[in-house]
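Engineer: Just need the structure, nothing else, for what follows:
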Amino acid sequence: MGIRYSKWIYPDMTELHAQVEAALEQWFSERFADYPHISLPGLDPYDYDGWFNRLAPELMARGSDYCEREWHGYVPSPQQLNQAFFRAVSRSNKCVLEPDCKHGDSDQS
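Structural biologist: Okay, here's the model as predicted:
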């Protein structure tokens, strides 16, 4: 299996990579509009059955398909997908913390 990621194959095309990453972040933000509110994980962010944790990989897979389709075969790296996704989460007013959610380590002293 060879390297497919456009950023790895063409590292000097920084302007194209920046454009794709910005478009991908916008695309994720638009997908969030499909949901009334997206509750971020509470005390257990590693709960794989939590719906946000199931939503993230699904949207990232769809984001990869979007890039290949709309950017003429551009294949985003997992790092680009993660970064664009979580930038969109951080800027979205649709994403809210669950009530009574402590930030960081749940064993705070």
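
Engineer: switch to C-alpha atoms for all contacts and neighbour counts from now on
Structural biologist: Noted.

Engineer: count of residues packed around residue 21?
Structural biologist: Using other C-alpha atoms under 10 Å, residue 21 has 19 neighbouring residues.

Engineer: Over to the one 3 residues further on?
Structural biologist: For residue 24, the count of nearby residues is 24 (other C-alpha under 10 Å).

Engineer: Assumed it was part of a helix.
Structural biologist: Yes - counting by DSSP: H, G, I helix; E, B strand; the rest coil, one finds residue 24 located in a helix.

Engineer: can you pull the contacts of it?
Structural biologist: 63, 67, 81, 84-85 (C-alpha atoms under 8 Å, 6 or more residues apart in numbering).

Engineer: could you point out which element follows the lowest-mean-pLDDT helix or strand in the chain?
Structural biologist: The helix or strand of the chain with the poorest confidence is strand 38-40; it has a mean of 60 (mean pLDDT, DSSP states H and E). The helix or strand immediately downstream of strand 38-40 is helix 51-70, counting by DSSP states H and E.

Engineer: list the helices and strands the helix or strand that that following helix is followed by packs on?
Structural biologist: Going down the chain from helix 51-70, the next helix or strand is helix 78-91, by DSSP H and E. Here helix 78-91 touches helix 14-32, helix 51-70, going by 3 or more C-alpha pairs under 8 Å, 6 or more residues apart in numbering; DSSP states H and E.

Engineer: I would like the residues contacting helix 78-91, please.
Structural biologist: So helix 78-91 is in contact with 21-22, 24-26, 28-29, 56, 60, 63-64, 95, going by C-alpha under 8 Å, 6+ apart.

Engineer: So among those residues, where is pLDDT lowest?
Structural biologist: Lowest pLDDT within the contacts of helix 78-91 is found at residue 95 (67).

Engineer: how far away is residue 83 from residue 58?
Structural biologist: Distance, residue 83 to residue 58, using C-alpha to C-alpha, to the nearest Å: 15 Å.

Engineer: Settle it for me: which of the two has more neighbours?
Structural biologist: The neighbour count for residue 83 versus residue 58, taken as other C-alpha under 10 Å, is higher for residue 83 (15 against 12).
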